[in-house]
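K.L.:
sequence first, then the predicted structure, then my questions.
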Amino acid sequence: MAEDMLGKVVRKLVDFPEEVLVVIFELIKRLLGENCLEWFMELKRFMRKEKCWLEFYSMSIIECISLGESLTIDAVNGKETIPGRKDVFSFIDPDFDRRGLYTSDESTQEIPVDVYTIKKQGGVTLTGLFLLFWCDLSKLSFTQNQVINFVRKYPEWLESESYTAYFLMRANDTLFVADVKKYNGGIYVYLRKFSFEWYIAERKPRVIVPKANVKI
């Protein structure tokens, strides 16, 4: 019976995209770890759409710092890409070109956004950070053109060289993270892998997300 169930699980796994497999792998580690029973019980509550500690955990880790502000990303045609905007960025990570992120995206409408930061530092990965927003990751992602628009409109929200700002992006059917920061009087942008292996080292990173899609 167990072998038959394992076979069904493996056959299902091959159909998942990479970003989902990353989350499944992390969940399996939790279910096999020191607090496996707690994770198992809370997972069952989550599957029943009941309140569980994951939602309260999110609220203890991140907080919105743009309350009362009306921040928006304008409607854009999707034609601007980060590798082509050397007038906006003083440094552009060569990985944007290496990963083929120089093609245009679809047009998008104006959207309101919020800025969050981490209240408690320690043990948070890039993937884990975006999972804290408790919603479909595809609804948290921006196009490159949208990231450029925010940086142009709100450079003050990049704050100072002590901070970095993260934007979840989907390009070529893959999730990436744009890491934007002020440095040496300019704005630098790096491309990060959407992975549990990348731990956040910054003291107070900022995360920009679409306001309407956040569930916390």
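P.N.:
Everything's here; your move.
K.L.:
after the helix or strand of the chain with the lowest mean pLDDT comes which helix or strand?
P.N.:
One helix or strand of the chain scores below all others by mean pLDDT, DSSP states H and E: helix 53-61, with a mean of 61. Where DSSP states H and E defines the elements, the next helix or strand beyond helix 53-61 is strand 62-64.
K.L.:
in that next one, what's buried?
P.N.:
Neighbour-count burial for strand 62-64, counted by 16 or more other C-beta atoms under 10 Å, picks out 62, 64. Glycine gets a C-beta too; all of them are placed from N, C-alpha and C.
K.L.:
likewise stretch 68-75?
P.N.:
For stretch 68-75, by 16+ other C-beta under 10 Å, it's 71, 73.
K.L.:
avg pLDDT for it?
P.N.:
For stretch 68-75, mean pLDDT is 94.
K.L.:
what's the answer for stretch 89-98, then?
P.N.:
For stretch 89-98, mean pLDDT is 94.
K.L.:
burial of Val88, as a residue count?
P.N.:
Val88 has 19 neighbours, counted by other C-beta atoms under 10 Å.
K.L.:
helix or strand for it, just tell me which one.
P.N.:
According to DSSP H and E, Val88 maps onto no helix or strand at all.
K.L.:
would you mind measuring from Leu140 to Val180?
P.N.:
According to C-beta to C-beta, to the nearest Å, Leu140 and Val180 sit 16 Å apart.
K.L.:
C-terminal to the strand of greatest length in the chain, what's the next element?
P.N.:
Once the chain is assigned using DSSP state E, the strand that runs over the most residues is strand 174-183. Following strand 174-183 in sequence order, the next helix or strand is strand 186-193 (DSSP H and E).
K.L.:
circling back: neighbour count winner among Leu140 and Val180?
P.N.:
It is Val180, of Leu140 and Val180, that has more neighbours when counted by other C-beta under 10 Å, with 26 against 21.
K.L.:
how about the more buried one, what does it touch?
P.N.:
Neighbouring residues of Val180 by C-beta atoms under 8 Å, 6 or more residues apart in numbering: 147, 151, 158, 164-167, 187-190.
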